[in-house]
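**Q** Take this sequence and fold it.
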Amino acid sequence: MQTTGTVTQADQNRALSLSTIAFTVCFAVWTIFSIIGVAIKAELGLNEFQFGLLVATPILTGSLTRLFLGVWTEKYGGRIVFSLQMMLAAVATWLLTLADTYTMYLVAALGIGLAGGSFIIGVAYVSRWYPAGKQGTALGIFGAGNVGAAVTKFVAPFVMVAYGWHGVANVWAVGLAAMAVIFYLFAKDDPELVARRASGVKSPTLAQQFAPLANLQVWRFSLYYFFVFGGFVALALWMPHYMIDVYGMDVKTAGMSAAAFSLSASLFRAYGGHLSDRFGARTVMYWTFGFSLIFLFMLSYPPTSYIIQGKDGPIAFSTQMAQWPFVATLFVLGFFMSLGKAAVFKHIPVYYPQHVGAVGGLVGMIGGLGGFILPITFGALLDLTGIYTSCFALLFVIVAVSLAWMHLSIRAMERAAHGEALDQLPELPEMQPIHHAATTTMPRVLTEWHPENPEFWQDRGRRIARRNLWISIPALLLAFSVWMVWSVVVARLPAIGFDFTPGQLFWLAALPGLSGATLRIFYSFMVPIFGGRLWTTLSTASLLLPAIGIGYAVQNPETPYLIFLVLALLCGFGGGNFASSMANISYFYPKAEKGNALALNAGLGNLGVSVMQFLIPIVITAGVFGAMGGQPQVMSDGGQLWMQNAGFVWVPFIIAATVAAWVGMNDIADASASFKEQAIIFSRKHNWIMCILYTGTFGSFIGYSAGFPLLTKLMFPEVNALQYVFLGPLVGALSRAGTGWVSDRFGGGRVTFWTFAAMIVAVYGVIHFLPADGGAGNFGGFFACFMALFLLTGIGNASTFQMIPIIMGREIPRLMPNLGPEDRQRQAGREGAAIIAFTSAIAAYGAFFIPKAYGTAIAMTGSPIAALWGFLVFYVLCLVITWAYYTRRGGLLHDIENGRGARASAQTA
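**A** As a prediction, the model looks like this:
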């Protein structure tokens, strides 16, 4: 049987050389827009954002396809997958020359992006030819194929001058197609694939290949690669344009200067693999991040003029990095980024030898996404700040975060290996005489926390837990207020001179829901990593960014729509806070009181939506902050509004809540639940079912809260809607906090079933009372039906959360019959908590989809009725699912809830 230990060196060299050449050609095609994009920009008259999107679009395809191409390489072998991938990318590159509109260029660019997927194919293919001790060097040599970016920058400008950008696309397409044929004819199947076919063993399933992706470590590697590779691709695409604008170079000089960076960031990758084999990948990563911080700080410092008052008068001077020092600094930065790229992929075959395709695919995908996201962000930052060096400042922040996370993770592993003895050592030998271990312990950390112990709970536990809860509630209330603030702001933007379409306004109302829901997924795991006190402080302080940003943006009708989109996304910080806040409070309370504590935290936190919708219409009518708040905006009817107060009003409260969290809250030393332990829920059927049902309840609550003010304003313009809309979220929040006992008494499944039945009726009522076919509609009926919807969503929020722990309590004995009673209870509690966190994240997407559905329906049909019919059909689906899985005879909850219902009836009688 052929293995890495029996293959010949000639076969190894053949596989490595063919893969490296193929990857070089693919990379040259993948970055083709860095040169021809300049000509296309001039031809189409694109702005900075449009240009950034064009050059980044191939990176998107190349990144997303890496995950699947890696898996297919593991299953079918690199020879066939690599050849097909190159041929398809070559066809797309040739077809680029047939495009004649910006949209068609973007579509063609998506196809060209297939060339970027070649990296993970080569990694999975090459790593199978070498033993672990030589994989770092081999993969480093293969990764040097990044030099294809330099090839494009060196050669393409000359081809473009002679034959135009169409000639570049044609030549590159022919070269890639030829390489596809050569690779298929001369490459061999890897030894592991040959051995598997000979033995008749089936290839690993998708579930087996994707299993390691549940490890947080994989995502940490992905962040590293987001910088070392994604940053490299982004700078390779951005630098020609940057140098033309900043230093006034022509396209040929700019291309060759940028190629110097691409060259160093590619060729030295092979040396990085050698260093990783010799000194360890961790050491190389420290070198990469440390030196990158220094060079990025130098690059991010913008040209600045200074005037100093000297004794003989003003002394004027300026700082600016000249052209060739800039190119030299970029070259050295590229050198260390190339070392880092090799070091990251040295980790993967060592830690995950059987899953190189899946793990490497994910890491490569995240890194490639950096090459897509960063150029767009560079363009947006340039439009926003007007400072060219802002792109380097952004990379500086990413490197700082990556270095901190890496170092903290390493320290955590060292502590796990060496125990408390390591923490007793002074940091430096010369500190030995004055070192006292007790003085270096973290403040306000509860090293002993036993809420299930009645004596401990009565003596001091309840007091501490309540203090943390009552600090958490106002912080969460502020988070919900900032998250949903756009639902009120957008309704008044047209009145103060902003010429946005209804579709654009609904986008602003919807985007906080999209970002908030996405952030919830990550926020769910932050408390065990940072501690509840620190994370609550940081997450609350982050609300200052959108609050202050909104205050300034709304004062000028000339503020670009892009700025409003960014601020809307930043409001998602408030949405993410829910997951971390609930996770934090759950650690403080015993099981007997956990439900009430979480209900108070969630229900009163949800009140933030109602508080915001009640407060904003009041504060925008007066100059609350005087001259500090800015001048009022004149409305079309001659009145005045201080719209900036919609953001500024939260600032003092956010500062107060941030200080309170830092001073008054605690961290719990043993409050930990690893991502791996929680990731098992992704294989649980009922996790996904409850995601659907909770989306129907909480997703509806938060989505209706976001879209209700603007919908009311558009459908009933004669009504001052802002006087009434706060009542909906108020009813929904209070009903959630006050109706949990109904589910406890009659069963969460039953309550959820009848809740969805009533929501179907209420939505039909909304449709009935809306203006249609020339009719004026009925605001009273419309408003009453929406109040009923808010009431029902609150009841459903409580009932679905009540169902989850009961469902897992019944499922765990069946799924894990070998566990003892205590272990079953512990596992059910762990999975139930994880499902609650995950469903809350998925359901929060309702804050995006409901307002967006309104906007789309209005744009297509002139009325939101089509969207409401869609919601009604979804509630019918939720009703059927609840009955089929939980409440019908034989359903999972039927027996237990029938018993509870019988007891409740007897008590009532």
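
**Q** which sections of the stretch 601-750 of the chain are below the confidence cut-off?
**A** For the stretch 601-750 of the chain, the stretches with pLDDT under 70 are 623-630, 636-637, 669-679, 721-725, 737, 740-741, 744.

**Q** Which stretches in it count as helices?
**A** 645-648, 651-664, 675-678, 685-694, 700-715, 727-738, 740-746, 748-769 (DSSP state H, counting those that start in this stretch).

**Q** can I get those helices in JSON lines with distance to V181 and mean neighbour count?
**A** The C-beta positions use only the backbone N, C-alpha and C, and glycine is treated the same way. Shown next, in JSON lines, are those (distance: least, CB to CB, whole Å; neighbours: other CB atoms under 10 Å):
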{"stretch": "helix 645-648", "distance to V181": "60", "mean neighbour count": "24"}
{"stretch": "helix 651-664", "distance to V181": "62", "mean neighbour count": "17"}
{"stretch": "helix 675-678", "distance to V181": "44", "mean neighbour count": "16"}
{"stretch": "helix 685-694", "distance to V181": "44", "mean neighbour count": "21"}
{"stretch": "helix 700-715", "distance to V181": "52", "mean neighbour count": "27"}
{"stretch": "helix 727-738", "distance to V181": "63", "mean neighbour count": "23"}
{"stretch": "helix 740-746", "distance to V181": "65", "mean neighbour count": "18"}
{"stretch": "helix 748-769", "distance to V181": "58", "mean neighbour count": "22"}
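
**Q** wait, which of these is closest to F331?
**A** helix 675-678 (38.6 Å; CB to CB).

**Q** Tell me which residues are up against stretch 491-507.
**A** 490, 508, 554, 557, 559, 561, 565, 568, 620, 633-637, 641, 643, 707, 709-710, 713-714, 721-722, 851-852, 854-856, 858-859 (CB atoms under 8 Å, 6 or more residues apart in numbering).

**Q** sorry, back to before: now the helices of the stretch 601-750 of the chain in TSV, with distance to A602?
**A** Below are the helices of the stretch 601-750 of the chain laid out as TSV (distance: least, CB to CB, whole Å):
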stretch	distance to A602
helix 645-648	25
helix 651-664	17
helix 675-678	19
helix 685-694	12
helix 700-715	11
helix 727-738	7
helix 740-746	10
helix 748-769	15
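
**Q** Looking at these, which is nearest to D190?
**A** Closest among those, using CB to CB: helix 675-678, at 29.5 Å.

**Q** Identify whichever of the helices of the stretch 601-750 of the chain lies nearest to I308.
**A** helix 651-664 (34.3 Å).

**Q** ok, and what's touching the closest one?
**A** 467-468, 471-472, 474-475, 478, 482, 533, 536-537, 540-541, 543-544, 547-548, 551.

**Q** Quick one, which of the residues you listed are buried?
**A** The neighbour-count test (16 or more other CB atoms under 10 Å) applied to those identifies 468, 471-472, 474-475, 478, 482, 533, 536-537, 540-541, 543-544, 547-548, 551 as buried.

**Q** Keep only those of these that are in helices.
**A** Per DSSP state H, helices hold the following members of the buried ones among the contacts of helix 651-664: 468, 471-472, 474-475, 478, 482, 533, 536-537, 540-541, 544, 547-548, 551.

**Q** And the strands in the stretch 751-900 of the chain?
**A** Under the criterion DSSP state E, counting those that start in this stretch, the stretch 751-900 of the chain contains no strands.

**Q** tell me which strands and helices the lengthiest helix in the chain is in contact with?
**A** As assigned by DSSP H, the longest helix anywhere in the chain is helix 148-186. Counting contacts by 3 or more CB pairs under 8 Å, 6 or more residues apart in numbering; DSSP states H and E, the secondary-structure elements packed against helix 148-186 are helix 9-30, helix 33-44, helix 78-95, helix 232-247, helix 251-267.

**Q** Need these in TSV (columns: mean pLDDT, distance to T288 and mean neighbour count).
**A** TSV is the format used below for the helices and strands packed on helix 148-186 (pLDDT from 0 to 100; distance: least, CB to CB, whole Å; neighbours: other CB atoms under 10 Å):
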stretch	mean pLDDT	distance to T288	mean neighbour count
helix 9-30	87	20	21
helix 33-44	79	23	20
helix 78-95	88	28	23
helix 232-247	81	11	24
helix 251-267	74	11	23
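
**Q** where do the helices sit along the stretch 351-500 of the chain?
**A** In the stretch 351-500 of the chain, the helices defined using DSSP H, counting those that start in this stretch lie at 356-385, 390-418, 420-423, 454-456, 462-483, 486-492.

**Q** any idea how far F708 is from the closest residue to Q633 other than its chain neighbours?
**A** In space, and not counting its chain neighbours, Q633 is closest to I496: 4.0 Å by CB to CB, 6 or more residues apart in numbering. Note on I496: its distance to F708, by CB to CB, to the nearest Å, is 21 Å.

**Q** Also T536?
**A** Distance, T536 to F708, by CB to CB: 29 Å.

**Q** coming back round to it: just name the most buried of the helices of the stretch 351-500 of the chain.
**A** Compared across those, helix 486-492 shows the largest average neighbour count, a mean of 27 (mean count of other CB atoms under 10 Å).

**Q** same question for the following helix or strand past that helix, mean pLDDT?
**A** Following helix 486-492 in sequence order, the next helix or strand is helix 502-523 (DSSP states H and E). For helix 502-523, mean pLDDT rounds to 77.

**Q** Could you export helix 502-523 as PDB, CA atoms only?
**A** What follows is helix 502-523, C-alpha atoms only, in PDB (Å, rounded to 0.1, in the frame of the first residue of the first chain):
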ATOM      1  CA  PRO A 502     -38.800  53.900   0.900                       C
ATOM      2  CA  GLY A 503     -36.600  50.900   0.000                       C
ATOM      3  CA  GLN A 504     -33.500  52.700   1.300                       C
ATOM      4  CA  LEU A 505     -35.300  53.600   4.500                       C
ATOM      5  CA  PHE A 506     -36.400  50.000   5.100                       C
ATOM      6  CA  TRP A 507     -32.800  48.900   4.600                       C
ATOM      7  CA  LEU A 508     -31.800  51.300   7.400                       C
ATOM      8  CA  ALA A 509     -34.500  49.800   9.600                       C
ATOM      9  CA  ALA A 510     -33.500  46.300   8.700                       C
ATOM     10  CA  LEU A 511     -29.700  46.300   8.800                       C
ATOM     11  CA  PRO A 512     -29.400  46.500  12.600                       C
ATOM     12  CA  GLY A 513     -31.300  43.300  12.800                       C
ATOM     13  CA  LEU A 514     -29.000  41.600  10.400                       C
ATOM     14  CA  SER A 515     -25.800  42.600  12.200                       C
ATOM     15  CA  GLY A 516     -27.300  42.200  15.700                       C
ATOM     16  CA  ALA A 517     -28.500  38.600  14.900                       C
ATOM     17  CA  THR A 518     -25.100  37.700  13.500                       C
ATOM     18  CA  LEU A 519     -23.200  39.200  16.400                       C
ATOM     19  CA  ARG A 520     -25.400  37.200  18.800                       C
ATOM     20  CA  ILE A 521     -23.800  34.000  17.500                       C
ATOM     21  CA  PHE A 522     -20.400  35.300  18.600                       C
ATOM     22  CA  TYR A 523     -21.500  37.100  21.700                       C
END
